[in-house]
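Peer 1: can't give you the sequence, but here's the structure:
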């Protein structure tokens, strides 16, 4: 767990994080090692199995949880007993109590499933999130390359994928950090499917901002 100006940020592995400051926000739970706190707000970036994991989602939701996700995921969550499932798309801005959630585009430019077909097409509307909580802004990039929409987001903290194959590699993530201009970056999307801690350290070497590598909880 890393304390950033009173905001407690925990990496739960792969793309999953717990963010706490009064409320508990959990993002993309997948292969959770321990049962973390229950989520007041759960964010699911897109429908791929390593982000939309119903087994893991069930471990963190209660009847008081609000889920924010994209339409392709909402229809998969009909069996859950939660407070609400809000479907939104990149460009949308939501407010849940005193927490703001802006959805931003997450897509590939050059990571191909087969010739001409990327893993995360822009037209699919997969998302990253900018979370505003207690005066701080945290950007979770989702599964993405260094896309133009990142330019000048200027969050306090950016959670950026670094593994390559399906998302940015360390070099591309360092380029993305220059576009995003966060005060602090935390690498993610390694150690579960592709990529290793070496990718995180390579990103830290190359990044123009402060980088904190978290240990999985």
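Peer 2: Yep, it's here. As the structure is a computational prediction, the values presented were derived from the model and not from experiment.
Peer 1: What are the buried residues along stretch 195-215?
Peer 2: Under the neighbour-count criterion of 16 or more other Cβ atoms under 10 Å, stretch 195-215 has 195, 199-200, 202-204, 206-207, 211, 214 buried. C-beta coordinates here come from the backbone N, C-alpha and C atoms, glycine included.
Peer 1: My error: substitute stretch 54-61 in the last question.
Peer 2: So stretch 54-61, judged by 16+ other Cβ under 10 Å, has buried residues 56-57, 59-61.
Peer 1: before we move on, back to that, next, give me the two most distant ones among the buried residues of stretch 195-215.
Peer 2: 206 and 214 (18.1 Å; Cβ to Cβ).
Peer 1: Relative to residue 95, which of the buried residues of stretch 195-215 is nearest.
Peer 2: Nearest member of those to residue 95, counting by Cβ to Cβ, is residue 214, at 28.0 Å.
Peer 1: does the closest residue to the closest one other than its chain neighbours sit in a helix, a strand or a coil?
Peer 2: Taking Cβ to Cβ, 6 or more residues apart in numbering, and ignoring the residues beside it in sequence, residue 214 has residue 11 as its nearest neighbour in space, at 3.9 Å. At residue 11 the chain is in strand, as set by DSSP: H, G, I helix; E, B strand; the rest coil.
Peer 1: shouldn't residue 11 be in contact with residue 17?
Peer 2: Yes. Between residue 11 and residue 17 there is a contact under Cβ atoms under 8 Å: 5.9 Å.
Peer 1: More neighbours: these two, which one.
Peer 2: Counted by other Cβ atoms under 10 Å, residue 11 and residue 17 do not tie: residue 17 has more neighbours, with 26 against 22.
Peer 1: wait, what's in contact with the closest residue to the more buried one other than its chain neighbours?
Peer 2: Computed as Cβ to Cβ, 6+ apart, the closest residue to residue 17 that is not its neighbour in sequence is residue 27, at 4.9 Å. Residue 27 makes contact with 15-19, 42-45, 129, 140 under the criterion Cβ atoms under 8 Å, 6 or more residues apart in numbering.
Peer 1: now with 6 Å?
Peer 2: 17, 43, 140 (Cβ atoms under 6 Å, 6 or more residues apart in numbering).
Peer 1: List the ones among these that fall in strands.
Peer 2: Within the contacts of residue 27, residues falling in strands by DSSP state E are 17, 43, 140.
Peer 1: Pipe those residues into JSON lines and attach pLDDT and distance to residue 79 per row.
Peer 2: Output for the ones in strands among the contacts of residue 27, formatted as JSON lines (pLDDT from 0 to 100; distance: Cβ to Cβ, whole Å):
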{"residue": "17", "pLDDT": "97", "distance to residue 79": "25"}
{"residue": "43", "pLDDT": "98", "distance to residue 79": "19"}
{"residue": "140", "pLDDT": "98", "distance to residue 79": "25"}
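Peer 1: coming back round to it: which members of the buried residues of stretch 195-215 occur in strands, if any?
Peer 2: residue 211.
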